[in-house]
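Asks: Build me a model from this:
(one chain, ligands or ions: 1)
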Amino acid sequence: MILESKSFQLFPEQASNFASQVDGLYGYMVVISAFFSVLVAFLIIFFAVKYRKKPGVNIPPHTDDHSIGAVLLEIAWSVIPLGLSLVMFAWGASIMFEESRPPKDALNVYVTGKQWMWKVQHLEGAREIDELHVPVNRNIRLTLTSEDVIHDFFVPAFRTKMDVLPGRYTTEWFRPTKIGQYHLFCAEYCGTKHSGMTGTIYVMSVEDYNKWLAQGNGEGSMAEDGESLFRQLGCGNCHRPEGHGRAPDLHGVYGMNVDLSDGTHVRADESYIRESVLYPQAQIVAGYDRIMPTFKGLISDDGMLKLIEYIKSMGNPNGVVSERPLTREPSDIQKTGPMALPESEYKAPAGGPRPSAATGKQQ
Ligand code: CUA
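Replies: Model prediction:
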């Protein structure tokens with residue numbers, strides 16, 4: 001399938017469980033398309049030559065041909081292409097279904113896109129920018145969101161691509177099968193430096209990955225950070241354990257079906273938790289009052305992911321909930337609104353000093 005030489009490579013490397021499947025389907029579509037393109041082009045030329053009007057020959061008037069042969073021919077050229085396209089449909093659908101259902105044992109990694117970088121957060125606490133380190137032969141599930149506009153997380157060597165949307169969580173999964181470095185691209189035009197919104201995926205052996213994870217990882221895990229946030233925001237004042245509070249107990253809620261006051265129910269996934277924090281009036285849990293205030297503007301996208309990770313770990317025996325004292329500043333609580341940039345990235349306010357376009361100096 002791969003046409004490869006030192007200087008020229010038609011396809012990117014096949015480095016995930018999906019790569020050979022996607023290439024197989026792609027190859028099938030190319031072969032079918034090429035076959036019919038050549039056939040049609042050949043017949044156009046062949047018939048044009050063969051049935052060219054010759055001088056002195058009168059064209060007989062057109063009559064419909066209802067012979068058995070003509071009917072069979074019509075059936076054949078309808079049914080065969082239909083069958084071939086249905087193969088494309090079924091094959092494509094089966095790959096799509098597989099790609100859209102992350103396995104339960106997948107390692108979860110959070111990715112936030114923003115103009116113009118990829119921010120990656122591992123559950124154990126490690127963070128990266130424009131890089132993603134993963135162990136080989138492990139199922140990896142990415143939970144993706146954007147801080148500003150639509151981006152798209154595209155790893156050609158894995159043959160996976162997923163839109164990254166503001167205000168929503170999407171997921172993408174893959175199992176890297178080859179140790180190495182692979183390109184990461186943004187595949188959705190997202191502004192001036194869209195083409196520069198690239199990165200590198202490092203697929204490592206399990207030992208190397210564990211070493212990488214252990215080094216430079218002084219920060220707490222996401223769930224621990226989320227627990228700090230939970231306290232700082234005062235969530236625990238109402239969300240008390242065992243239903244003693246004015247708001248629902250959150251232990252073990254993740255992944256469960258929650259009964260709502262309007263008689264419907266909803267699965268408590270990442271998006272539900274996010275909505276409940278930012279738009280608490282949208283869905284009220286059955287038996288509770290509409291008393292929760294919105295935390296819109298008070299919590300960053302990163303902070304939200306940590307909070308979700310903490311809620312996931314609550315009531316989960318494998319959860320990493322520690323009694324670690326709160327030592328760090330509440331950097332994830334924002335004072336300026338949900339889209340605000342970290343301090344280091346603030347731009348000079350409009351009207352203030354700006355670098356001159358001509359000289360690059362401050363005016
Ligand atoms: Cu981000 Cu294009």
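Asks: tally of neighbours for whichever residue of the stretch 201-350 of the chain sits closest to the ligand?
Replies: Closest residue of the stretch 201-350 of the chain to the ligand, C-beta to the nearest ligand atom: residue 301 (15.0 Å). Where you see a C-beta, it was placed from the backbone N, CA and C, and this is true even at glycine. Other residues near residue 301 come to 22 when the count uses other C-beta atoms under 10 Å.
Asks: So, low pLDDT: which residues of this protein?
Replies: Low-confidence segments of the chain (pLDDT under 70): 1-7, 216-219, 243, 315-363.
Asks: Could I get the phi/psi values of the most centrally placed residue in it?
Replies: For the chain, residue 162 is the residue whose C-alpha lies nearest the centre (C-alpha atoms, centre = their mean; 3.9 Å). Here is the backbone geometry of residue 162 (degrees, to the nearest 10): phi -140, psi 140.
Asks: Ok, residue 72 next?
Replies: Torsion angles, degrees, to the nearest 10, at residue 72: phi -60, psi -40.
Asks: what's the answer for the one 10 residues further on, then?
Replies: The phi and psi values for residue 82, taken as degrees, to the nearest 10, are phi -60, psi -50.
Asks: Residue 253 versus that one, what's the distance?
Replies: 48 Å (C-beta to C-beta, to the nearest Å).
Asks: more crowded one of those two?
Replies: A direct count of neighbours by other C-beta under 10 Å for residue 82 and residue 253 places residue 253 higher, at 20 against 10.
Asks: so who does the nearest residue to that one once chain neighbours are set aside touch?
Replies: Nearest non-adjacent residue to residue 253, counting by C-beta to C-beta, 6 or more residues apart in numbering: residue 268, 4.9 Å away. By C-beta atoms under 8 Å, 6 or more residues apart in numbering, the contact set of residue 268 is 253-258.
Asks: coming back round to it: just checking, the residue nearest to the centre of the chain touches residue 151?
Replies: No: if you go by C-beta atoms under 8 Å, residue 162 and residue 151 don't touch, sitting 9.7 Å apart.
Asks: Can you give me the distance of the residue nearest to residue 253 to residue 11?
Replies: 41 Å.
Asks: next one: residue 56
Replies: On the measure of C-beta to C-beta, residue 56 and residue 11 end up 56 Å apart.
Asks: Between the two, which is the more surrounded one?
Replies: residue 11 (16 against 5).
Asks: Tell me if the more buried one really is in a helix.
Replies: No: Residue 11: not assigned to a helix; according to DSSP: H, G, I helix; E, B strand; the rest coil it is coil.
Asks: Would you list the phi and psi of it?
Replies: Reported as degrees, to the nearest 10, the phi and psi values for residue 11 are phi -110, psi 150.
Asks: Confirm that residue 144 sits in a strand.
Replies: Yes: counting by three-state DSSP, residue 144 is found in a strand.
Asks: Bridging across strands, which residues link to it?
Replies: Under the criterion DSSP bridges, residue 144 forms beta bridges with residue 111, residue 170.
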